[in-house]
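> How does the following fold in three dimensions:
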Amino acid sequence: MSKKEKKVLKMPNRSERSKKTKFRRVAGSKSKRIFVKEKTSKHKCALCKGLLHGVPHGKTSAEVGKLSKTKRRPTAVFAGILCSKCRHLVVGEAAQVEAKAKKFDDVELRLQYYVKNVKVN
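The predicted model follows:
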């Protein structure tokens with residue numbers, strides 16, 4: 001075998017060791033190893049771990065960053081953090097606390113952080 005026929009692969013850098021690779025054909029009948037960029041995972045609700053709607057997924061983080069602010073996340077209260085069911089639950093609890101129908105200490109512990117940050121008009 002001549003030197004031209006040998007296929008030499010270099011040892012990957014530390015940062016490239018765990019990345020997925022593909023081989024692509026380049027000019028001159030040569031193969032080149034390219035690293036596949038991982039797609040972003042689907043966003044999940046902080047309380048119930050359900051999928052969030054209206055939030056982009058499946059694209060690389062660079063592509064999501066290039067979207068306009070309104071396309072990146074909805075503009076509702078806790079949008080991009082809580083799903084609609086949990087959001088309604090938190091706003092309802094916050095309204096009860098605001099109307100003094102319920103004490104803040106009686107609110108579920110997992111909801112207290114969000115209830116505290118809701119501004120009810």
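
> need the contact list for residue 44.
When contacts are counted by Cβ atoms under 8 Å, 6 or more residues apart in numbering, residue 44 touches 50-52. In this view, the C-beta of every residue, glycine as well, is placed from N, C-alpha and C.

> So how do I select the buried members of those residues in PyMOL?
Applying 16 or more other Cβ atoms under 10 Å to these leaves a buried subset, and the PyMOL line that selects it is:
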select buried, resi 52
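
> Just put the contacts of residue 44 in TSV and tack on secondary structure and pLDDT.
Below are those laid out as TSV (DSSP: H, G, I helix; E, B strand; the rest coil; pLDDT from 0 to 100):
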residue	secondary structure	pLDDT
50	coil	93
51	strand	92
52	coil	90
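
> Can you list the buried residues in stretch 91-106?
Here stretch 91-106 shows 91, 93-94, 96-97, 102 as buried, counting by 16+ other Cβ under 10 Å.

> That stretch spans what distance, first to last residue?
Start-to-end span of stretch 91-106 (Cα to Cα, to the nearest Å) is 15 Å.

> Now do it: everything it contacts.
Stretch 91-106 has contacts (Cβ under 8 Å, 6+ apart) with 77, 107-108, 111-112, 114-116, 118, 120.

> go on, stretch 68-87?
Stretch 68-87 is contacted by residues 43, 45-48, 50-56, 64, 90-91, 114, 118 when judged by Cβ under 8 Å, 6+ apart.

> ok, now with 7 Å
43, 45-48, 50, 52, 54-56, 64, 90-91, 114, 118 (Cβ atoms under 7 Å, 6 or more residues apart in numbering).

> Residue 85 belongs to a helix?
Yes: applying DSSP: H, G, I helix; E, B strand; the rest coil, one finds residue 85 inside a helix.

> With residue 51 as the reference, measure out to it.
Residue 85 is 12 Å from residue 51, where distance means Cβ to Cβ, to the nearest Å.

> Thank you kindly, that will do.
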